[in-house]
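>>> Predicted model follows, preceded by the sequence.
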Amino acid sequence: MSASESSARPTTIAFYLPQFYPIAANDAWYGRGFTEWRNVVRARPLFDGHYQPRLPADLGFYDLRVREVREQQARLAHHYGIDAFMYYHYWFAGERPLKIVIDDMLADGVPDMPFCLCWANENWSRHWDATAHEVLLKQTYSPEDDEAHGQFLLRALSHPRYLRVNGKPVLFLYRMQAMPDPRGTLARWREMWRAAGIGEVEIIKFDTHGNVDDPAAFGADAAAQFVPHSLRQLVPRMAVQNTHPNNLIFDYAEAAERYLAGLPAPWTRHPCVATGWDNTARRGDGLSAVIHGSTPELYEKWLRRAHAAAPDDGMVLINAWNEWAEGAYLEPDLEYGHAYLEATARAIGHPVEVDHAWADEASVPGADEGHSMTDLYLDAYDEQLRLRRQLSRLEGMVDRQIGLAQQRAAAELAEARAHAAQLAAEVQRLTERQVNGLREPESSGT
């Protein structure tokens, strides 16, 4: 599907994180060369059956500065029926961290894939939780900044590959309720964009951070779900043994039912489906939120029903294409391979005739020469990752058992100390009684 045409079925859009390459800011905050791959490989299981760590398969631990990687992602997504990527766009009073993916797209149109933007307008905090403590980059607003930001967005909205639905460019805003004057900001932008000749823009308010209000109150045209926002309000926690009590664990099938039930509204609300959710790689034990029990079959069922419930000529959003540190991704991993991508194609009715045709294998030197050195290397690499993952799981189990043993030992030690204190008090009481008994005859004799 081209960026300008609409389809008979809802437009399927996958969230895309443009984070997987080093930048100076992350070097300063987290150490030289940091990307979230560092978090991803360090994740460990928090309870029995917990799927961690999550390791990539076909695309490997890629660097998004590499043009060929982005082209390969687009071929893979297109092959399985994804209509567009929604790139997270960061803007802090003109500062634009993680801008390479978007700037390269605007400069040369690579990859050949429709795209749209979501302004992720919230603070950057050290622990990726958008809180007001340990803020690394603060989000600010002003009418003057609206002008500069609107001009940048105009450049993106005017791009020939920018996604149009029903003839309109589509722009998502992540946290519209945080803007001091959203109606004023959007009015200034719309006037600027009309004057530039691009017509009306469909502005979508994401339902985030507990705000599910009418988008018209903010000046937006429609709303969209954003899984896992409102998770704690919608879905009861699972009772899970042998894990930190502060970890929030939710059942995937139950989450799917609750989000589908919460979709209807008096205004247009586009559905969102998640392949899963697990921020253990970012947060660690005691701070994690996990939607547990996702399978390709359950995901396919959720996506199929979301497509059926989507507005006419509407959109269905998938979280996500590559949120590896949040356990939400369509890219192949070592556990499921292409299963989630294949489930996507089935759910949306997109025919996939030849598996792995996306890879353009015929263009690879030696591809038709049997088992080349490249084949042997890739096989060895896959085996290494498989063994590493098994080792990581064993380490996680050992760490968990050690932690439980330490807890038991500490409890037993505390109990022993309390018992020893009781015995000591009893011995002291008996000793004092005996001493007093010896003193009584002496007192009576005087």
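Received it, and whenever you're ready, just let me know what you need.
>>> Would you state the helices of the stretch 251-400 of the chain in chain order?
The residue ranges that make up the helices of the stretch 251-400 of the chain, judged by DSSP state H, counting those that start in this stretch, are 252-261, 280-283, 296-309, 339-348, 373-445.
>>> what's the spacing between the nearest residue to Ile291 once chain neighbours are set aside and Ser230?
Across the structure, with CB to CB, 6 or more residues apart in numbering as the measure, the residue nearest Ile291 apart from its sequence neighbours is Trp277 (4.1 Å). No exception for glycine: its C-beta is placed from N, CA and C like everyone else's. Trp277 sits at a distance of 12 Å from Ser230 (criterion: CB to CB, to the nearest Å).
>>> likewise Thr140?
For Thr140, the distance to Ser230 (CB to CB) stands at 27 Å.
>>> the more surrounded of the two?
For Thr140 and Ser230, the more surrounded residue by other CB atoms under 10 Å is Ser230, and the numbers stand at 19 against 10.
>>> Would you mind confirming that that one is in contact with Phe250?
No: in this structure, Ser230 sits apart from Phe250 without contact. The criterion is CB atoms under 8 Å, and the distance is 11.6 Å.
>>> SS state for Pro169?
Here Pro169 takes the strand state, with states given by DSSP: H, G, I helix; E, B strand; the rest coil.
>>> dump the residue contacts of it.
If you count contacts by CB atoms under 8 Å, 6 or more residues apart in numbering, Pro169 has them with Cys116, Leu157, Tyr162, Leu163, Ile198, Val201, Glu202.
>>> so of the residues you listed, which ones are in helices?
Of those, the ones assigned to helices by DSSP state H are Leu157.
>>> And the residue nearest the centre of the chain, how far from Val40?
What sits nearest the mean C-alpha location of the chain, by CA atoms, centre = their mean, is Glu326, with 3.7 Å. Remark: distance between Glu326 and Val40 (CB to CB) = 10 Å.
>>> Now the common contact residues for the two.
When CB under 8 Å, 6+ apart defines a contact, the residues bordering Glu326 and Val40 alike are Ala281.
>>> Kindly state the domain boundaries assigned to this structure.
11-359, 372-446 (automatic domain parsing).
>>> per-stretch mean pLDDT over those domains, give me the minimum one.
Out of the domains of the chain, domain 372-446 stands lowest, with a mean of 66 (criterion: mean pLDDT).
>>> Ile204 belongs to a helix, doesn't it?
No: the assignment for Ile204, made by three-state DSSP, is strand rather than a helix.
>>> returning to that earlier point: for the contacts of Pro169, please prepare TSV with the additional fields distance to Asp181 and neighbour count.
What follows is the contacts of Pro169, written out as TSV (distance: CB to CB, whole Å; neighbours: other CB atoms under 10 Å):
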residue	distance to Asp181	neighbour count
Cys116	24	27
Leu157	21	23
Tyr162	26	22
Leu163	27	28
Ile198	23	16
Val201	18	19
Glu202	21	20
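>>> Among the contacts of Pro169, which one sits closest to Phe34?
In terms of CB to CB, no member of those lies closer to Phe34 than Cys116, at 27.7 Å.
>>> and that closest one, what are its bridge partners?
Met86 (DSSP bridges).
>>> any idea how far Val290 is from it?
29 Å.
>>> got a list of what Lys168 touches?
If a contact means CB under 8 Å, 6+ apart, then Lys168 has Gly199, Glu200, Val201, Glu202 as its contacts.
>>> at 10 Å what do you get?
Ser6, Leu157, Ile198, Gly199, Glu200, Val201, Glu202, Ile203, Asp221 (CB atoms under 10 Å, 6 or more residues apart in numbering).
>>> So the third one is in contact with Gly150, correct?
No: under the criterion of CB atoms under 10 Å, Ile198 makes no contact with Gly150, lying 11.6 Å away.
>>> Could you pull out the residues contacting both of the two?
With contacts taken as CB under 10 Å, 6+ apart, the residues that reach both Ile198 and Gly150 are Leu157, Met192.
>>> if you compare the domains of the chain, which one is most tucked away?
Scoring those by mean neighbour count under mean count of other CB atoms under 10 Å gives domain 11-359 as the most buried, with a mean of 18.
>>> Show the secondary-structure elements that the host helix or strand of Trp193 is packed against.
Assignment of secondary structure by DSSP states H and E places Trp193 within helix 182-196. Secondary structure elements in contact with helix 182-196, counted by 3 or more CB pairs under 10 Å, 6 or more residues apart in numbering; DSSP states H and E, are helix 143-157, strand 168-173, strand 202-206.
>>> after the last one comes which helix or strand?
Downstream of strand 202-206, the first helix or strand assigned by DSSP H and E is strand 222-224.
>>> what's in contact with that next one?
By CB under 10 Å, 6+ apart, the residues outside strand 222-224 that reach it are 13, 118, 170, 172-173, 176, 202-208, 211-216, 265, 267-272, 311, 314-317.
>>> rerun at 8 Å
Residues outside strand 222-224 that contact it (CB under 8 Å, 6+ apart) are 172, 202-207, 212, 214-215, 265, 267-272, 311, 315, 317.
>>> Please identify the pairing partners of it and their relative orientation?
strand 202-206 (parallel), strand 269-270 (parallel).
>>> These into a markdown table, with extra columns for distance to Ala93?
Listed next are the strands paired with strand 222-224 as a markdown table, based on distance: least, CB to CB, whole Å:
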| stretch | distance to Ala93 |
| --- | --- |
| strand 202-206 | 21 |
| strand 269-270 | 30 |
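>>> nearest to Thr344, of the ones you listed?
So among these, strand 269-270 is nearest, using CB to CB, at 16.7 Å.
>>> what's that closest one in contact with?
Under the criterion CB under 8 Å, 6+ apart, residues 204, 207, 222-225, 263, 310-311, 314-317 lie in contact with strand 269-270.
>>> List the contacts of the nearest residue to the residue nearest to the centre of the chain once chain neighbours are set aside.
The shortest distance from Glu326 to any residue that is not its chain neighbour, by CB to CB, 6+ apart, is 5.0 Å, and that residue is Asn279. Asn279 is in contact with Trp128, Ser288, Ala289, Val290, Ala325, Glu326, Gly327, counting by CB under 8 Å, 6+ apart.
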